[in-house]
Every structure is written in C-alpha cells, then in structure tokens.
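Student: no sequence for this one, just the structure:
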Ligand code: SF4
C-alpha cells in the first residue's frame, strides 16, 4: 500500500505533502473507559505514558519555543548547493539524469537506479538545519544526533559551528553544554519524548526536523496505546528512530525480523500452560526490546503493528500479515478488528529505492544487460542503505557499500567497503582494467548526490589515470 500521495522530486524549496493521519482525539477518561475490558498487564501504565507523551507534544507546539516549518530562505538554499549537501544541480549525477541514468567513460558504463539518494524528508531536514543556522547567527546551535546518517553532511554542519551533542556510554545524551536561549535541532528520525522534555525544560528553541512519515508512525503507536493495544514494532531496538517511536508508544515489543516475529506469534498461539511455562523466556528474549513492565501473559491479547520506516517493506508487510493471522486463529473473525490494529506507515521513499535496485539488477540472465557489480553509497550506520546493499548481495552480484570517496584508493585500485552484515573489508584489484564493465549505482536516502559523484570520479580515474572529472554544467542551463 502507499500513502496515495505523489512525492515531489528531490530539489530545493520543497513543499511537503502531508501524510494522511486520521487519529480522533479522545479524552483520558474516554481512553481508559474504552480499554477497561482488556487484561491488566502493563496496559494502564502504557496508556498513561502515551497520553502524557501526546499532551507534551501538544504543549510544546504551543510554547513559542518550537518550530517544525521550512522557510525556504534563498541564502540557505544557495549555501546547501555550494556545500554539495543535497540534490545535484549541475554535476555528473544531474547530467546522468538527463541521459536516462547512464554514463560511459573508458569502458566503464555506470547505470543509476531510477530512485536513489536524498529523499524529501532528508532534504527537508538538512534544509531546516541550514535555515536554523542562518536565522540564528549569534546563537549556539546544537544537534542532538547526526541530523541524518551521512558523514559529509554532518561535517559541513560542524564546519558551520553546529555542535553535536555527545552520547554517553549508557546511551543517554550529555546536555550539560546546552544553555537557555540556545537552538537545538532534532534529527530527521526524531527524538525520544524524554529528550524533548529535558531540552524544553532547559529553555532552548527546538527546531524539529522529524520527517512527517516518522511522525505518522508515532501517531499510529499513540492510537494503539490509547486503545489499550500493545504495539509490535518492526525495527531495530537501538536505532534512534525506533527509540523515539517506542517513547510515544504505550506497551510495546520490538521484533527485528520475520523469524523473530514468527517466534513471538508461536508463543501467542500456545495454550495457557505453555504460555506460563515460557513466559520468562519471552521476557528474557525481549529484555532490551520491550516497554517497562511488559507482561507476555497479558500484554499480547490486543496488538497493533508499527514499524521503523526504513525496514524492508516486504518484511514489514509479512509481519503485519502474520500478526493478523495469529489474532484471527486465536480469536476468530468476529474479534479481529478489535484484537488487531494496523495503519500503513511504510515510507515510500525507502521502498522506491529498494524497488529501483531490484529493477536495476533484474536482468542478470541477459549477458548484454547484466551488471558486473553494484556500488552502494551511503553512511555506514544508515539502515536504509544497508538494505540496498543486501539486495545486491542476495542476488549474488559483487556489491560494494562505501560511505564516501575516501574509501577508494584510485591509484592502488582498491577500496574499503562494508557488507550488509557490518564487516568492513578491503578489496584489491577492484575495477578490472582489461574489459568493458557495467556498474549499477545507487545511494541511500541520506546521501547527497555529491558523494556519488565523488565515488564515480574515482572509478573513472582507476580506468583512466588522466581523467580530470566531468565538467559541471551551470544549474541554470538545466
Ligand atoms: S526515508 Fe522516508 S521516513 Fe526517512 S526521512 Fe526519508 S521520507 Fe522520511
């Protein structure tokens, strides 16, 4: 399913489509009343937590110390272009777009996936950060985390004097350097409620760049909590977006993949005696991935589905189906609508990039169209980029994930790259020099086009040591 909203192409000065979110406001008493027939577990604490989070979000919006709006100021847009932190307007990638995503030099043909790179949510977040810096030239500006998972963007922000708040060994943020009147930017994947509360109490101005699609997931888990459902979140429990989502949920449990969801559903389908016998096993398995006081014996009677927006769409859908079937088998069709909640919260941008790689790698049986390798450009801690890398690996195509051109040594024809399993490995004699090759190229949703251009520049230099780069076209000429 999609949101039914056409996403704009990446570019400057985007005006954003609003996700359709239908959440009816309910009072605390209405919420508690509607959930009162449900088993105890940690339900009431969960409802209370969700209500408080919702009420805090509302009060923050009215505080005058909070913004989540773009201003499209031209100077910030100009600066972004100079820094190469967004959509290419005259470089190789822009010129490839004019040639159906294809470029050939010295026997190397590179083919760009149809959807790649910055999504509008990330473009918007970076733009908001540039605007915040421009609007508050005298203020100390902080970011609670990398604004997006891309090293070059974060380096540029640091060069503009934006300070990155340190994370302590226990995972908490060190806000000791944040003072009243400072400006604090929240990243595209959001921030946990507790962090927002803490910062608000310090009297700072908050610039919230949270992607509206991520906020949509928060609305989904809030809705589930207020109805007394436990949110089953498909995501990585330590990922910042999932940490933030969990903070808006009531009772929740996080499953990392389909096998783990199957394990949970098998437990849900067990008889009472087996459930009691295995209860501690469930608590131990999800000890880092569930809400405080999560009680498997009571908290899995009413469930709702939610997700980290960057997980593989097919897997999220399969987990949703599995949960739905599980509740159907347990309670029959007449109770399904009250026992299971789902709302489509998968980000189309992530899915479009994955689909485009499937398409790009879809002709391996044809020797004329097959790719010799894939290059995936994106931050090493970017979840959506790792999924793009997975596709190439899954199809048996040599696939090289790099976060920036510095990983490539053109003279030595070698590179350091990461596998989807997280290993950093070196490949020597990387680009064959004695035959024509076809390389598929894509980049994660937090990767500016300049990063792709710099990597391809190195590839061409390996084949042609005299290569001096593709001349930029003036942006106005496009
Ligand atoms: S990948 Fe999707 S959810 Fe994430 S910032 Fe981009 S548009 Fe938003």
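Tutor: That came through, no problem. These figures come from a predicted structure and were not determined experimentally. Residues are numbered from 1 along each chain as shown.
Student: rest of the way, CA atoms for contacts and neighbours
Tutor: OK.
Student: show me where the stretch 151-300 of the chain has helices.
Tutor: Secondary structure of the stretch 151-300 of the chain (DSSP state H, counting those that start in this stretch): helices at 151-159, 193-201, 212-226, 240-248, 258-269, 272-285, 296-299.
Student: quick one: buried residues of the first one?
Tutor: The neighbour-count criterion (16 or more other CA atoms under 10 Å) identifies 151, 152, 153, 154, 156, 157 as the buried residues of helix 151-159.
Student: what's that helix in contact with?
Tutor: Residues outside helix 151-159 that contact it (CA atoms under 8 Å, 6 or more residues apart in numbering) are 83, 85, 126, 130, 146-148, 164, 379, 403-404, 448, 451.
Student: what about 6 Å?
Tutor: residue 85 (CA atoms under 6 Å, 6 or more residues apart in numbering).
Student: What's opposite residue 340 in the beta bridge?
Tutor: residue 303 (DSSP bridges).
Student: Okay, it and residue 301: tell me how far apart.
Tutor: Here the criterion is CA to CA, to the nearest Å. By it, residue 340 lies 9 Å from residue 301.
Student: What of residue 211?
Tutor: 31 Å.
Student: go on, residue 465?
Tutor: From residue 465 to residue 301 the distance is 65 Å (CA to CA).
Student: Likewise for residue 449?
Tutor: Applying CA to CA to residue 449 and residue 301 gives a distance of 47 Å.
Student: which one of these two has more residues nearby?
Tutor: residue 449 (24 against 19; other CA atoms under 10 Å).
Student: Tell me who's in contact with the more buried one.
Tutor: 87, 88.
Student: switch to numbering from 213
Tutor: Renumbered: residue one is now 213, and that last one reads residue 661.
Student: can I assume residue 672 sits in a helix?
Tutor: Yes - looking at residue 672 with DSSP: H, G, I helix; E, B strand; the rest coil, it is inside a helix.
Student: of the buried residues of helix 363-371, closest to residue 484?
Tutor: Looking at these and their distance to residue 484, the nearest is residue 363, at 50.4 Å (CA to CA).
Student: How about the residues of the stretch 363-512 of the chain by the ligand?
Tutor: 400, 423, 425, 426 (CA under 6 Å from any ligand atom).
Student: Format the residues you listed as CSV; extra columns: neighbour count and distance to residue 532.
Tutor: Shown next, in CSV, are those (neighbours: other CA atoms under 10 Å; distance: CA to CA, whole Å):
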residue, neighbour count, distance to residue 532
400, 28, 25
423, 19, 23
425, 23, 18
426, 26, 18
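Student: Could you find the closest non-adjacent residue to the residue of the stretch 263-412 of the chain found nearest the ligand?
Tutor: Here the residue of the stretch 263-412 of the chain nearest the ligand is residue 333; by CA to the nearest ligand atom that distance is 3.9 Å. Of all residues not flanking residue 333 in the chain, residue 423 sits nearest, at 5.2 Å (CA to CA, 6 or more residues apart in numbering).
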